[in-house]
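Undergrad: I'd like to go over a predicted model; first the sequence, then the structure.
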Amino acid sequence: MKAIILAGGSGERLWPLSRKNYPKQFLKLNGDKSLLQQTVERLLNVVSAEDIIVLTNNTYKFHVLSDVNSLPLFNQQATNSHIILEPACRNTAPAIALGVKYCMEKLGCKKDEVVFLSPSDHIIRPAGRFAEYMRLAEEIARKGSIVTFGVKPDKPETGYGYIRSGSLQSTDGGKNYFKAEDFTEKPDNETAKQYIKEGTYFWNSGMFAFCIGTIIEEMNRYAPEIGGMMDLSFEDMLSGFDQMPNISIDYAVMEKSDRVVMLPFDLYWNDIGSWDSLYDVLDKDENDNVIKGDVLTINTRGTLILGNKRHIATIGLENCLVVETDDAILIAKKGEAQRVKAIVNKLKEDARIEADEHVITYRPWGSYTILEKGPRYKIKRIVVNPNEKLSLQMHYHRSEHWVVIKGSAKVTIGDKAMFIHENESAYVPKSTLHRLENPGKVPLEIIEVQNGEYMGEDDIVRCEDIYDRI
């Protein structure tokens with residue numbers, strides 16, 4: 001069995017903690033591992049690292065590599081990470097078709113190979129029992145069915161899609177599953193209450209299992225614009241990816257096919273689709289508050305407060321959400337969290353960078369944080385990971401001054417290379433080739449002061465780069 005992880009995303013639903021350039025699958029929300037890392041570890045209970053394919057885009061390439069390759073078990077098993085970079089933003093149906101084609105052409109899979117499809121940003125526990133459901137889904141998929149996982153709802157939820165269960169079926173081992181009758185998009189609250197009352201509706205988890213031959217047949221039957229592309233080579237399919245329909249796998253195939261079955265599972269599942277969902281997941285104090293950071297509460301109950309750098313004090317709050325980041329604060333009532341997307345859309349309309357970018361920007365070599373900026377200057381804190389280095393580059397419109405505050409740096413300026421240590425500095429004139437490296441074993445931290453008439457990130461002329469960004 002192969003496993004495909006969908007790791008795209010828009011970073012809208014958990015704004016301001018997630019952004020377009022850093023969506024929720026890379027956040028460490030419920031422990032010391034990101035949601036993507038938790039997904040990979042969950043799948044490693046059933047498949048090997050060599051059998052995991054991650055579908056993402058160029059923006060997230062190095063986030064994915066960093067998360068996946070930092071897992072000890074993954075590094076022990078894998079000699080190569082299978083990461084597919086989608087050249088355009090499309091929905092799940094084209095992405096799945098591309099991933100299946102990769103399995104066939106690059107990994108040598110036959111049409112009877114089972115593929116398990118998983119989003120990258122869900123919380124499921126316990127992971128050991130989830131492995132049992134994966135194996136059961138594989139067994140059912142080998143009979144020619146497309147298996148989807150349904151979660152028995154415990155409350156009316158307007159943020160999830162629903163599946164209506166049909167006739168009862170059983171595996172050879174006596175495990176029950178159902179014919180999937182209807183896929184319903186996110187309902188209003190009254191409809192969701194009715195679904196709960198009827199008892200035949202399950203939340204759509206977005207996870208599927210199918211044989212390669214089965215999904216190709218159903219793509220050709222119900223989504224021929226996508227199925228036809230699967231006759232091409234992987235490279236041709238990749239180059240024509242932006243011409244494929246922007247449609248979800250639910251709309252393209254699942255709602256139409258008579259081969260879809262639903263396997264219910266009784267594990268804890270949460271897709272962290274809103275701040276309300278995250279509140280449900282995290283540990284609470286005696287007043288049902290979720291508190292992280294430097295927080296003081298008085299007469300506050302049922303409230304999520306995620307602090308960052310500032311001290312947060314609350315008085316008399318009940319059922320609220322407070323989320324602080326370096327550049328934004330969200331304050332909302334619980335139950336209104338699905339409307340966070342409206343805030344992001346308004347930020348985009350106003351061309352505000354807070355819709356897409358954090359104050360901290362992650363790069364393959366580390367990260368940088370903008371501390372202050374004004375006319376003709378910008379101040380950054382730059383962190384370079386051990387044994388990493390920036391590209392050999394130059395700027396036409398700015399000079400830079402570096403001061404090391406932690407670690408040791410190897411600095412190349414023009415034709416000279418030198419080492420600078422804590423409380424030492426280097427100056428880079430305009431239009432001069434330069435490079436910053438960390439040859440040490442601890443993260444290198446420097447303060448960079450830029451000065452000039454223009455300090456945009458597009459004033460970088462790269463001449464050499466180990467991360468293939470030229």
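TA: Sure, I can see it.
Undergrad: assumed Ile272 was part of a strand.
TA: No. With DSSP: H, G, I helix; E, B strand; the rest coil as the criterion, Ile272 is coil rather than part of a strand.
Undergrad: check contacts around it.
TA: Arg13, Leu14, Lys24, Leu29, Leu35, Asp121, His122, Ile123, Leu278, Val281 (Cβ atoms under 8 Å, 6 or more residues apart in numbering). Heads up, the C-betas are built off the backbone N, CA and C, glycines and all.
Undergrad: of those, just say which sits nearest to Pro72.
TA: Taking Cβ to Cβ as the measure, Pro72 lies nearest Leu35 of the contacts of Ile272, at 18.2 Å.
Undergrad: can you give me the helices for the stretch 151-300 of the chain?
TA: 189-198, 212-222, 224-227, 234-239, 249, 275-281 (DSSP state H, counting those that start in this stretch).
Undergrad: nearest to Lys256, out of those helices?
TA: helix 212-222 (4.5 Å).
Undergrad: spatially central residue for the chain, please.
TA: Geometric centre of the chain, nearest residue: Gln25, 2.9 Å, by Cα atoms, centre = their mean.
Undergrad: okay, it and Thr158: tell me how far apart.
TA: 23 Å (Cβ to Cβ, to the nearest Å).
Undergrad: that older thread, now, of the helices of the stretch 151-300 of the chain, which is deepest in the fold?
TA: helix 249 (a mean of 26; mean count of other Cβ atoms under 10 Å).
Undergrad: pLDDT on that one, on average?
TA: In this model, helix 249 carries a mean pLDDT of 94.
Undergrad: list the contacts of it.
TA: Here helix 249 makes contact (Cβ under 8 Å, 6+ apart) with Asn91, Thr92, Ala93, Ile96, Phe208.
Undergrad: now swap in stretch 233-243 and tell me
TA: Against stretch 233-243 from outside (Cβ under 8 Å, 6+ apart): 86-88, 90, 94, 97-98, 101-102, 105-106, 229-230, 232.
Undergrad: excluding chain neighbours, give the residue nearest to Gln38 in space.
TA: Spatially, and ignoring its direct neighbours in sequence, Gln38 is nearest to Ile123 (7.2 Å; Cβ to Cβ, 6 or more residues apart in numbering).
Undergrad: my bad, should have said Ala209
TA: Nearest non-adjacent residue to Ala209, counting by Cβ to Cβ, 6+ apart: Ala137, 3.9 Å away.
Undergrad: from the contacts of helix 249, pick the one nearest Tyr377.
TA: Nearest to Tyr377 among these: Asn91, at 42.7 Å, using Cβ to Cβ.
Undergrad: what's the distance between the closest residue to that closest one other than its chain neighbours and Ser145?
TA: Spatial nearest neighbour of Asn91, excluding adjacent residues (Cβ to Cβ, 6+ apart): Ser248 at 4.7 Å. Here Ser248 is placed at a distance of 20 Å from Ser145 (Cβ to Cβ).
Undergrad: who's more crowded, these two?
TA: Neighbours per residue, other Cβ atoms under 10 Å: of Ser248 and Ser145, the larger number sits with Ser145, 24 against 20.
Undergrad: hmm, Asp258 and the more buried one touching each other?
TA: No. Contact criterion Cβ atoms under 8 Å: Ser145 and Asp258 do not qualify, at 10.0 Å.
Undergrad: among the contacts of stretch 233-243, which lie within helices?
TA: Pro94, Ala97, Leu98, Lys101, Tyr102, Glu105, Lys106 (DSSP state H).
Undergrad: what subset of those residues is buried?
TA: Among these, the ones that count as buried by 16 or more other Cβ atoms under 10 Å are Pro94, Ala97, Leu98, Lys101, Tyr102.
Undergrad: got a list of what the third one touches?
TA: Contact analysis of Leu98 by Cβ under 8 Å, 6+ apart lists Leu55, Ile84, Glu86, Phe234, Met237, Leu238, Phe241.
Undergrad: residues near Ser408, how many?
TA: There are 17 residues near Ser408, going by other Cβ under 10 Å.
Undergrad: what sits against it?
TA: Phe419, Ile420, His421, Glu422, Asn438, Pro439, Gly440, Leu444.
Undergrad: and which of the residues you listed is nearest Arg339?
TA: Leu444 (41.7 Å).
Undergrad: go ahead and confirm that closest one touches Ile405.
TA: No. Assessed by Cβ under 8 Å, Leu444 is found out of contact with Ile405, at 9.2 Å.
Undergrad: these two - which one has more neighbours?
TA: With neighbours defined as other Cβ under 10 Å, Leu444 and Ile405 compare such that Leu444 has more, 25 against 12.
Undergrad: let's see the pLDDT reported for Val68.
TA: Looking at Val68, the pLDDT reads 89.
Undergrad: tell me if it really is in a strand.
TA: No. Val68 sits outside any strand when classified using three-state DSSP, being helix.
Undergrad: check contacts around it.
TA: Val68 sits in contact with Leu36, Gln37, Val40, Val54, Phe74, Ser81, Ile83, where contact means Cβ under 8 Å, 6+ apart.
Undergrad: now for Ala342, how many residues are close by?
TA: Ala342, neighbours per other Cβ under 10 Å, totals 11.
Undergrad: how close does it sit to Asn189?
TA: Computed with Cβ to Cβ, the distance linking Ala342 and Asn189 is 18 Å.
Undergrad: for the stretch 1-150 of the chain, which segments count as strands?
TA: For the stretch 1-150 of the chain, the strands defined by DSSP state E, counting those that start in this stretch cover 2-6, 52-57, 82-86, 114-119, 123-125, 146-151.
Undergrad: between the ones you listed, which gets nearest to Arg398?
TA: Nearest of the strands of the stretch 1-150 of the chain to Arg398, taken as Cβ to Cβ: strand 52-57 at 29.1 Å.
Undergrad: need the contact partners of the closest one.
TA: Outside strand 52-57, the residues touching it (Cβ under 8 Å, 6+ apart) are 2-8, 40, 43-44, 64, 68, 74, 78, 81-87, 89, 95, 98-99, 102-103, 107, 120.
Undergrad: now stretch 289-296
TA: With contact meaning Cβ under 8 Å, 6+ apart, stretch 289-296 is reached by 279, 282-285, 297, 300-308, 310-314, 324.
Undergrad: cool, thanks, signing off.
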